[in-house]
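Participant: Sequence plus the predicted model coming up.
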Amino acid sequence: MLVATAVSVERDAVARAFGALSLESDETALGVVGRAHPFRPSGTTAHGGSGATAHGGSGATAHGGIDVIAAGVGPALAAASTASALTAAVLQGDPYGLVVSAGIGGGFQPEASVGSLVVADEIVAADLGAETDDGFVSVTELGFGTVRHHPPEDLVRLVGNAVGARTGAVLTVSTVTGTAARARALRERHPTALAEAMEGFGVAEAAAAHGVPVLEVRAISNPVGPRDRAAWRIPDALAALTEGFGKIVPVLEGWNRHDQ
Ligand SMILES: O=C(O)c1cccc(C(=O)CC[C@H]2O[C@@H](n3cnc4c(=O)[nH]cnc43)[C@H](O)[C@@H]2O)c1
């Protein structure tokens, strides 16, 4: 399984769920774009495996290991980094079976409160399209491809139940929402949206190109709406991410995509 976060603090928050910290915490501030440094829990992991380095890094598990990368901020870098990691794994003869986009995100209020976790049942590119006199038109409506990916239903349900998270659409945006008007417009266009973030759709596109299922998990660090940095609760969200992954990993390990 590959977990793609945006930045190193998110990568380390996920890694902490495995009881270890990345040795590659070279970027620590949120917002600093990290390159894809795979983190592999060393030695015995939740999988019980140990030893062989499946994808060229240290401490990978031979059977079903979990790699966590800081893939960068925004859908384009997230897609490129995730695709590179997926391709490298294929070339090394040990392809990933699941990709998880994970990190902090903005929560639509009152649906997703700060500090809570959200699991995506739809990963939607919310600003990929064109503005017209009649409003926003997605690239799908323009005839150019897809703006949504769907994680496996059973996995979404299992993971949502395991962490007590709400499930709903998670929007991917290239511009963080900073006004109430835009938050309203997004919710009107996507009534099931619970959260927005900046990477999920890119990660999902890379996963889809490899025929690998995708999941997105967001810990809510701030409300979607008027910009208010003082209202951000990043440490709380990172703690929720760690706690959540502690419960999610056993579910992911037990999940078999052919059970769908
Ligand atoms: O300076 C700002 O106003 C500002 C606003 C939003 C995000 C940033 C960042 O540097 C972090 C982007 C990072 O965090 C995820 N994220 C967290 N909350 C949101 C949100 O409300 N809308 C979109 N993305 C969010 C995102 O996935 C990025 O990885 C600075």
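Facilitator: Happy to help now that I have it.
Participant: How about the secondary structure of the closest residue to H149 other than its chain neighbours?
Facilitator: Counting by Cβ to Cβ, 6 or more residues apart in numbering, H149 lies nearest to A204, which is 3.8 Å off, once chain neighbours are set aside. For every residue, glycine as well, the C-beta is placed using N, CA and C. Remark: A204 carries the secondary structure label helix [criterion: DSSP: H, G, I helix; E, B strand; the rest coil].
Participant: my read: A204 touches V214, true?
Facilitator: Yes - with contact defined as Cβ atoms under 8 Å, A204 counts as touching V214 (4.5 Å).
Participant: Can you pull the phi/psi pair for the residue in the chain that the ligand sits nearest to?
Facilitator: In the chain, the residue that lies nearest the ligand is G106 (2.1 Å; Cβ to the nearest ligand atom). Geometry field for G106 lists phi and psi as phi -90, psi 140, criterion degrees, to the nearest 10.
Participant: Please name the nearest non-neighbouring residue to it.
Facilitator: Counting by Cβ to Cβ, 6+ apart, the nearest residue to G106 once its immediate chain neighbours are dropped is V224, at 4.0 Å.
Participant: wouldn't the one you found be in contact with P110 here?
Facilitator: No - using Cβ under 8 Å, V224 is not in contact with P110; the gap is 11.3 Å.
Participant: Helices of this structure, residue ranges please.
Facilitator: Listed in chain order, the helices found in the chain under DSSP state H are 8-16, 75-91, 139-142, 153-163, 180-189, 200-209, 234-254.
Participant: ok, H149 touching A208?
Facilitator: Yes - with contact defined as Cβ under 8 Å, H149 counts as touching A208 (6.0 Å).
Participant: For the most centrally placed residue in the chain, give me its contacts.
Facilitator: A centroid search over the chain (Cα atoms, centre = their mean) returns S101, at 1.8 Å, as the residue closest to the centre. Counting by Cβ atoms under 8 Å, 6 or more residues apart in numbering, S101 makes contact with A4, A78, I123, A197, E199, G200, V203, A204, V214, L215, E216, V217.
Participant: which one is A76 nearest to, not counting chain neighbours?
Facilitator: Setting aside the residues directly before and after it, A76 is nearest to G202 in space (Cβ to Cβ, 6+ apart), at 6.2 Å.
Participant: how far away is the one you found from I123?
Facilitator: 10 Å (Cβ to Cβ, to the nearest Å).
Participant: Tell me what A102 is bridged to.
Facilitator: Applying DSSP bridges to A102 gives these bridge partners: V217.
Participant: Tell me which residues touch it, please.
Facilitator: Listed by Cβ under 8 Å, 6+ apart, the contact set of A102 reads V3, A4, T5, E10, V14, E216, V217, R218, L241, F245.
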